[in-house]
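> with the input below, show me the fold.
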Amino acid sequence: MKVVIAIDKFKGSATSQQLADAIEAVICEQIDQAHVVKVPIADGGDGTMRAIKAIMKDNCRVVTLNVSACLDSLPPLEAQYLVDAEGTTAYMDLATASGLVLVPPSFRDVTHSSTYGTGMMIAHAINQGVTSIVLGLGGSATCDGGTGLLAALGCEFFDGSHRSFIPCGATLADIAEIDFENLKKTVEGVNFIALTDVDNPLLGPNGAAAVFAPQKGATPQQVEELEKGLSNFARFLPSGIAAKPGSGAAGGVGGAMAGLLSAEIKPGIGYLLELSNFEELIADSQLIITGEGRIDQQTAMGKAPSGVLNVARRYNIPVVALCGSVSHRADVSSMGFARVIEVTPKDLPLQQAMETSTTLSCVRKAIKDLCSEINSRC
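Numbers count the residues shown, from 1 in each chain. Predicted coordinates for the structure are as follows:
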C-alpha cells in the first residue's frame, strides 16, 4: 500500500516535518509492506521557505543577514532566505523578517509594524545578483500596505508638507506624494512572485484591515484607521489592484507587489505542489494524508489541505485530513475529504494540547486507529 503524506504544520505546535515523520513511523509499524512517500508542503504562510528547502534539498543555499525588526522598539534580527544553485532565484518568507511570531505578545502593535525588514531582505538578494524573487506572504505582523518593503527598495513617501517619511499603518493616511524612481531602478529586470493562502482584496469588509488586523490585535477603532490609510495608499496603485484577489495578503503587501513590482500573485500550495512534482508522486498511491492545525471555513479557500485534495481528485485518490481542531462554522462534509480527523480530545486543555509532544502523541494515536480500520478491511 502506497501512502503519500503531505501535511502542513500545526501552527505553534508541530512542524510539517515532525508531523510527517510521526505519521510515517506509525504507518510502517501498523501496515505490512507499506510504502510511504513524504511530500513537504506549505501554502504561502510561515514555513513555506522551509518546505521549499526540503523539496530542493542540495540544490539551494541558505543566506543569513541582519534586518530591521517590524517595530522600532525591538532590536534587529537575523533573517534567512534561500538561493537556488544557479544563483538566480531567491525564496523567502515574509514572516522571517516581519512575522507576528517574532513579536512578543505584549509588544504587538499592527498600526506601527513595518515590512521594512522584508524589503531589506529582498534588496540584499537583488544586490547578490538574483533576478527572481519568490516571497511567501503569510504570518505577517503588519498592515502597512507593503510601504515599508517598498521604502527599503528605494521608494520615497512624502506627507502634505513634502516631508519624507517611512509609513506604517497609522500613517498611511498621511501619504500625499510618492516618488517611484529609485524603486524602479532597484527592481529593474527582477521578476516577483507572491505566494499567498488567502484571496482577500485590499479594501472593504473582506480586506486586509477588516479581516486580518483584528487577528494581529487591532481594536475596532484601529481597524477603521487602517482601512482609511490603505484607501489613501490605494490611490497610488494602478486601477483594479485594490480589488485583485490576494492584494490584501500580509496587510496589503500583495497589492503593493502586484501594483508596483508587477508581481504575479499565486496560491502558495499550488506553487509548492508543482515544485515537488506532486502529481507524479501520487499517481499510483492508495491514500493521501494531509492536514493543518485548524480546519475552518478558510480551509477550502487556498489552504494547503484543499490544494492537496484538488489534485488528488483528478486521480480519484481518497484524502484524509488531520487537524488539531475543527471550527464549528466549518462545513467539513462539503469539502470532499474522505474523512476529517480531529486529533485533540475535547477535554484536553488548550495549553497542553499545543505542546509539541502532546500534538505528536495525539496524531500517532489517530493514525494508529486509522491503520486498524484499513487492516480490518484488507
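
> contacts, neighbours, all on C-alpha from now
Fine.

> would you list every one of the helices in the stretch 251-378 of the chain?
Assignment of helices within the stretch 251-378 of the chain using DSSP state H, counting those that start in this stretch yields the ranges 268-275, 278-282, 304-313, 350-353, 356-377.

> for Ala6, which of these is the nearest?
Nearest to Ala6 among these is helix 304-313 (7.4 Å), distances taken as C-alpha to C-alpha.

> buried sites along the closest one?
Neighbour counts over helix 304-313 (16 or more other C-alpha atoms under 10 Å) mark 304-309, 311-312 as buried.

> ok, stretch 171-191 next?
For stretch 171-191, burial by neighbour count (16+ other C-alpha under 10 Å) applies to 171-177, 180, 183, 186-187, 190-191.

> and what of stretch 208-215?
Judged by neighbour count using 16+ other C-alpha under 10 Å, the buried positions of stretch 208-215 are 208-213.

> just put those residues in a markdown table and tack on secondary structure and distance to Asp58.
Below are the buried residues of stretch 208-215 laid out as a markdown table (DSSP: H, G, I helix; E, B strand; the rest coil; distance: C-alpha to C-alpha, whole Å):
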| residue | secondary structure | distance to Asp58 |
| --- | --- | --- |
| Ala208 | helix | 37 |
| Ala209 | helix | 40 |
| Ala210 | helix | 42 |
| Val211 | helix | 39 |
| Phe212 | helix | 36 |
| Ala213 | coil | 38 |
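
> and stretch 166-182, how far apart are its ends?
15 Å (C-alpha to C-alpha, to the nearest Å).

> who's in contact with that stretch?
Residues outside stretch 166-182 that contact it (C-alpha atoms under 8 Å, 6 or more residues apart in numbering) are 110-114, 142-145, 147-148, 151, 153-160, 162, 225-226, 228-233, 236.

> can you give me the mean pLDDT across that stretch?
Mean pLDDT, stretch 166-182: 98.

> tell me, how many residues neighbour Pro349?
Counted with other C-alpha atoms under 10 Å, the neighbours of Pro349 add up to 10.

> need the pLDDT of it.
Looking at Pro349, its pLDDT is 92.

> when you give positions from now on, start the count at 42
Let's use 42 as the start, then, which means that last one is Pro390.

> phi, psi for it please.
phi -60, psi 140 (degrees, to the nearest 10).

> helix, strand or coil for Gln74?
With DSSP: H, G, I helix; E, B strand; the rest coil as the basis, Gln74 sits in coil.

> could you report the neighbour count for it?
Gln74 is flanked by 11 other residues according to other C-alpha under 10 Å.

> show me what contacts it?
Applying C-alpha under 8 Å, 6+ apart, the residues near Gln74 are Met42.

> tell me how far the worst-scoring helix or strand of the chain on mean pLDDT lies from the chain's centre.
Lowest by mean pLDDT, DSSP states H and E among the helices and strands of the chain is helix 391-394, with a mean of 91. Once both centres are worked out by C-alpha atoms, centre = their mean, to the nearest Å, helix 391-394 turns out to sit 24 Å from its chain's centre.

> picking up where we left off before, so which of the buried residues of stretch 212-232 comes closest to Gly287?
Within the buried residues of stretch 212-232, proximity to Gly287 (C-alpha to C-alpha) peaks at Asn232, which comes in at 17.8 Å.

> and for the closest residue to that closest one other than its chain neighbours, the neighbour number?
The shortest distance from Asn232 to any non-neighbouring residue, by C-alpha to C-alpha, 6 or more residues apart in numbering, is to Ser173 (4.6 Å). By other C-alpha under 10 Å, 20 other residues sit near Ser173.

> what's the spacing between Ser173 and Ala131?
From Ser173 to Ala131 the distance is 6 Å (C-alpha to C-alpha).

> and the helices of the stretch 292-419 of the chain, which one's lowest on average pLDDT?
helix 391-394 (a mean of 91).

> hmm, who's touching it?
385, 399-400.

> quick one, domains of the protein?
With domains defined by automatic domain parsing, the chain comprises 43-82+323-418, 89-310.

> wait, Ala353 sits on Ser347?
No: counting by C-alpha atoms under 8 Å, Ala353 does not reach Ser347; the two are 9.7 Å apart.
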